[in-house]
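Enquirer: Show me the folded form of this:
(2 chains)
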Amino acid sequence: MNRLTTRLTWHHALGAVGLALLLVGSAFGLFQAPPERHMGEVSRMLYIHAPHAMNALLIFTFAGVFAVLSLWTAKARWDALTAAAIEAGLVLNVIMLGTGMLWAKPTWGVWWAWDVRLTTALLALLLFSGVMALRSFVEDPQRRAVWTAVTTIVAYVDVPLIYFCVRWWRSLHQVQSSPDTVDSAMVLPFRINLVAILLLSLWFILMRARLEVVRQAHEQAPEPAARQVAATVG
Amino acid sequence: MPEGVIVGGWGYVIAGYAFAAAVLALYGASLFWRLRALRSLDGDAKAPKPR
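Expert: I've put the predicted structure just below:
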């Protein structure tokens, strides 16, 4: 077992706990929690949609913080963490939009509406995808880190908009609920899945950042085999 | 059942959970695949410490 594998072992434990919690939380949400009075069984989308949505905003916030630290310190680890957090945030964003559409159809009657919450969430997907695309075009590591950090900070402006838009403007989407307004039998699976998705996201970020660091190291190496590694894991 | 409640929602629920599971599994698998590729191409190399 090489050193990389050893260092990644506890990351895998993080992912395993997250996966186990996700299975437990989803089982509670699907089979134990009561259906909501008006939405019926489709309200069970709450336990998969909202945890991904909240964690997507949190992980994009991590990316914003990492981007500032990358600009501030010019250290490669913050650049790797920025890219990793953006990628993990994009995965959560895709799930947020997909499950949101599947929830919108039976409740709103449409798969998609150019509502302010949906539009700002889609904009985040496009903006952060743009950051990753831009990143792939820049060969110089220092320049790539600076461009990634700056564009991430610009893209991050959309994240608070996603959260607050339902309070600031009229929206089809409901405003944020609180445990005071939700039955306790619904709060439990929601909170379990919230923690589960957070742990899985942290696992994704740590794994992806590790790969990014290795890729960057091999990218600068002169040997053809090392460059092949950089191309493969990038 | 109260009047106006949405019926037949299980299909959307199952589709939503399946979609989320598929995306998470695909991304997790892609990370493992990249790690595996790294190991096979660079078996003895030690992961460098970040600067």
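
Enquirer: Counting neighbours, which bits of the strand or helix carrying residue B:16 end up buried?
Expert: Using DSSP states H and E, the element containing residue B:16 is helix B:10-41. By 16 or more other C-beta atoms under 10 Å in any protein chain shown, the buried positions in helix B:10-41 come out as B:12-13, B:15-17, B:19-20, B:23-24, B:27-28, B:31, B:34-35, B:37-39, B:41. In short, each C-beta sits where N, CA and C put it, glycine included.

Enquirer: filter these down to the ones close to chain A.
Expert: When contact is defined as C-beta under 8 Å from any C-beta of the partner chain, these meet chain A at B:12-13, B:15-17, B:19-20, B:23-24, B:27-28, B:31, B:34-35, B:37-39, B:41.

Enquirer: Which one of the residues in chain B is closest to chain A?
Expert: The nearest approach of chain B to chain A comes at residue B:9, 2.9 Å away (C-beta to the nearest C-beta).

Enquirer: Can you name the residues that contact residue 11?
Expert: Using chain A here. Residues near residue A:11 by C-beta atoms under 8 Å, 6 or more residues apart in numbering or on different chains: A:203, A:206, A:207, A:210.

Enquirer: Relative to chain B, how far out is the last one?
Expert: So that's residue A:210. Relative to chain B, residue A:210 is positioned 7 Å away (C-beta to the nearest C-beta, to the nearest Å).

Enquirer: So that residue: helix, strand or coil?
Expert: Under DSSP: H, G, I helix; E, B strand; the rest coil, the three-state class of residue A:210 is helix.

Enquirer: Dump the contacts of residue A:11 to CSV, plus pLDDT and distance to residue A:197.
Expert: Formatted as CSV, the contacts of residue A:11 follow (pLDDT from 0 to 100; distance: C-beta to C-beta, whole Å):
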residue, pLDDT, distance to residue A:197
A:203, 95, 11
A:206, 94, 15
A:207, 92, 15
A:210, 88, 20
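
Enquirer: So which of these are in helices?
Expert: Using DSSP state H, the members of the contacts of residue A:11 that fall in helices are A:203, A:206, A:207, A:210.

Enquirer: now, among those residues, which is nearest to chain B?
Expert: Chain B has its nearest neighbour among these in residue A:207, at 4.7 Å by C-beta to the nearest C-beta.

Enquirer: and that closest one, how many neighbours does it have?
Expert: 22 (other C-beta atoms under 10 Å in any protein chain shown).

Enquirer: show me the contacts for it.
Expert: Contacts for residue A:207 (C-beta under 8 Å, 6+ apart) come out as A:8, A:11, A:15, A:84, B:31, B:35.

Enquirer: need the contact list for the closest residue to the last one other than its chain neighbours.
Expert: Meaning residue B:35. What sits nearest to residue B:35 in space, not counting adjacent residues and going by C-beta to C-beta, 6 or more residues apart in numbering or on different chains, is residue A:211, at 6.5 Å. By C-beta under 8 Å, 6+ apart, the contact list for residue A:211 reads A:233, B:31, B:34, B:35, B:38.

Enquirer: And for residue A:96?
Expert: Residue A:96 touches A:49, A:52, A:53, A:56, A:121, counting by C-beta under 8 Å, 6+ apart.

Enquirer: In this model residue A:163 seems to touch residue A:124, though I could be wrong.
Expert: No - applying C-beta atoms under 8 Å as the test, residue A:124 and residue A:163 come out as separate, 10.9 Å apart.
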